[in-house]
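Chemist: The following comprises the amino acid sequence and a computationally predicted model.
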Amino acid sequence: MDQDAIERVRQRLAEAAEGRTDAAGVEAALERARKGLEDLAAAAAELEATLPAKVGEAVKEGVASEARPVGRQLAEVRGLMNQLLRRLERLEGDVLAERHARVDDLGLLVDLLTSGWRGVDERLARLEQHLQTGAGAVVYRIEERRPASGE
């Protein structure tokens, strides 16, 4: 073996040994890590105990603050719907009364037309009777009543 190669190997081993930590340093780092984990576990336990209550309260407050205006708006919409229903019922009654009045008017108009035509039929019947019996007024022809132009 080459003495130079052996020297390089020893140098590399020495560099590797320098990079190693001693057992006391490792032990101290592990102790610090254990302490950090214990603190983290304690904080997690505390959050686990208080977080649901805090989240529940926050959700309750948020829903309450958002639901109040919605509840008021819903009550207002309900009131407007009731008012709209009352107005529609009134309009329905007015339209129904108007319809009945128009039907009554139509019945009266039919009665008037019927009685008018009945009167016309009676007059025509009297005229026909007079014409058939021959009783009545004397009818002159216009040509016969005019004096002759030369007379």
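Modeler: Arrived safely.

Chemist: And stretch 101-116, what's buried?
Modeler: Within stretch 101-116, not a single residue qualifies as buried, counting by 16 or more other C-beta atoms under 10 Å. Using the backbone N, CA and C atoms, a C-beta is placed for each residue, glycine as well.

Chemist: what about that stretch, distance to the chain center?
Modeler: On the basis of C-alpha atoms, centre = their mean, to the nearest Å, stretch 101-116 sits 46 Å off its chain's mean C-alpha point.

Chemist: Name the spans of this protein whose pLDDT lies under the cut-off.
Modeler: Scanning the chain for pLDDT under 70 picks out the ranges 1, 17, 19-22, 135-139, 145-151.

Chemist: all helices of it, in order?
Modeler: Assigned by DSSP state H, the helices in the chain fall at 3-19, 23-133, 142-145.

Chemist: Report all helices and strands that the longest one contacts.
Modeler: Yep, that's helix 23-133 we're talking about. Secondary-structure packing of helix 23-133 (3 or more C-beta pairs under 8 Å, 6 or more residues apart in numbering; DSSP states H and E): no helix or strand packs against it.

Chemist: Next one: residue 80 relative to residue 32, how far apart?
Modeler: Residue 80 is 69 Å from residue 32, where distance means C-beta to C-beta, to the nearest Å.

Chemist: What of residue 9?
Modeler: 36 Å.

Chemist: next one: residue 14
Modeler: Computed as C-beta to C-beta, the residue 14 to residue 32 distance reads 29 Å.

Chemist: now residue 73
Modeler: In terms of C-beta to C-beta, residue 73 sits 58 Å off from residue 32.

Chemist: Residue 69 now?
Modeler: Distance of residue 69 to residue 32, computed by C-beta to C-beta: 53 Å.

Chemist: What is the neighbour count of residue 12?
Modeler: Look at residue 12: counted by other C-beta atoms under 10 Å, it has 10 neighbours.
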